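# Have a look at this prediction, sequence included:
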Amino acid sequence: MYYINENIKNLYRVKFHDERSGVLRLDMNENPEGLPKEIFSRIMEKITPEYIATYPEKDRLMEELARHNGYSIQNVSVTSGSDEAMRLIFHCFGENGKDLVSVTPTFEMYDVYAKMFGMNHITIDYKSDLSVEPQDILSAISDQTGIVILLNPNSPIGAVHAEQDVRTIIEKAQKHNAIVVIDEAYHYFYAPTFMPLIEEYDNLLILRTFSKLFSIAGLRIGYVSGSKTLIHYIENAESTFNVNNIAILFALNIINDQNLVDELIQIEKNGRDWLANQLEHENYNHIAMEGNYILIHPHRDSQLIVAELRNRKIWIRDYSRGILKGWLRVSTGSIDCMRKFWKEFLAIDNT
């Protein structure tokens, strides 16, 4: 019998093979409308047969990201979405048998990668008031810890971490030779960042993506920032050409267009505020912290709501276990998108 990695053999994975065109996509925190058409068309005009016949060159984008974030090009590596950066971090620093520490609920792929690389996932539960105690995270860090994951804001709840708490966690992890990863996928929806700390701590990595605010999830591009040494190890583990030319072109044009960034931020904020106001007016129990999503506790069964909305070509998600059991999560976009969701949601939930 041929060899099979035991960590992979029985790993449970959820695959996403559904046709996503023609629906209002409010289930995965994408921009449901995408980039403004004039921006999209302007960038597409730059794509030539020669351009896509050439192997990708990431250096110009990494230079722009370094300038954008105020550090050196040696502090950044561009990856195929931040998801690849996560995998590379586990590949480089996820020691078999060591502990991964994170809060729960959180982004599901961290648990998948922990299992894939033979790590023990130690989870810190959110409390009933949807807060997490920093001391609980600190208490879980020991010589057995390999990686600590912090999301800021955290999906799906939207909670954020205070700087002093983060510094204390990084410093304790440092004493135990553990890496700290801060996932800032929802940066720009929430402006504060821990990016400057990479120049202070040699065990810190920060993830960013172009899939959320920047609206190019389909192109799979993101990046990881950290000390020159950590980034060097990550680049050692990367494939030779891990990001395609079209993704690089879009990323370059977006990161330098502050007017576009401001416009995208405002469109989502207007829609999120509008939906939150409707929920407040109708006395719905809801959570609207940080990030482009709102949690709603419906009157009827959450699975029924999801199924009925799906029949109407509106996709959201719900939670079947844990502290969020019975809650819905709705990705937020423009007011027009939120109006469409709200009309159908009310019709179903008030039946």
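Nice, thanks for sending it over.
# Please enumerate the helices of this structure.
For the chain, helices defined by DSSP state H occupy the ranges 6-9, 37-44, 49-53, 59-69, 81-93, 109-116, 134-140, 163-175, 228-237, 245-255, 258-281, 302-311, 335-349.
# winner for burial among those?
Burial of the helices of the chain is given as mean neighbour count (mean count of other C-beta atoms under 10 Å); helix 81-93 ranks first at a mean of 22. (C-beta placed from N, C-alpha, C; glycine too.)
# Quick check: which of the helices of the chain is nearest to residue 201?
helix 163-175 (5.1 Å; C-beta to C-beta).
# by contact count, what packs against that closest one?
Here helix 163-175 touches helix 134-140, strand 145-151, strand 179-183, going by 3 or more C-beta pairs under 8 Å, 6 or more residues apart in numbering; DSSP states H and E.
# Serialize those to CSV and add fields for mean pLDDT and distance to residue 230.
Formatted as CSV, these follow (pLDDT from 0 to 100; distance: least, C-beta to C-beta, whole Å):
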stretch, mean pLDDT, distance to residue 230
helix 134-140, 96, 21
strand 145-151, 98, 12
strand 179-183, 98, 8
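# Pipe these into a markdown table and attach distance to residue 267 per row.
Below are the helices and strands packed on helix 163-175 laid out as a markdown table (distance: least, C-beta to C-beta, whole Å):
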| stretch | distance to residue 267 |
| --- | --- |
| helix 134-140 | 34 |
| strand 145-151 | 23 |
| strand 179-183 | 23 |
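# how about the ones you listed, which one is nearest residue 86?
strand 179-183 (7.7 Å).
# who touches the closest one?
82, 86, 89, 93, 107, 146-152, 166, 169-170, 173, 194, 201, 203-207, 230 (C-beta atoms under 8 Å, 6 or more residues apart in numbering).
# and if you look at stretch 287-302?
29, 31, 130, 153, 155-160, 186, 189-190, 212-213, 268, 272, 275-276, 279, 284-286, 305, 318-319, 324, 326-333, 345, 348-351.
# before we move on, what about stretch 249-269?
Taking C-beta under 8 Å, 6+ apart as the rule, stretch 249-269 contacts 31, 35-36, 39, 42-43, 46-47, 51, 60-61, 64-65, 68, 78, 188-189, 210, 213-216, 219, 221, 292, 332-334.
# hmm, 7 Å instead?
Taking C-beta atoms under 7 Å, 6 or more residues apart in numbering as the criterion, the residues outside stretch 249-269 that touch it are 39, 43, 46-47, 60-61, 64-65, 68, 188-189, 210, 213-216, 219, 221, 292, 332-334.
# just to revisit the earlier point, please identify which of the helices and strands packed on helix 163-175 is closest to residue 55.
Taking the helices and strands packed on helix 163-175 one by one with C-beta to C-beta, strand 179-183 is closest: 29.3 Å.
# Okay, now the sheet partners of the closest one, with direction.
Strand pairing for strand 179-183, using DSSP bridges, gives strand 145-151 (parallel), strand 204-209 (parallel).
# Next, format the ones you listed as TSV and append mean neighbour count and distance to residue 121.
TSV is the format used below for the strands paired with strand 179-183 (neighbours: other C-beta atoms under 10 Å; distance: least, C-beta to C-beta, whole Å):
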stretch	mean neighbour count	distance to residue 121
strand 145-151	25	10
strand 204-209	25	18
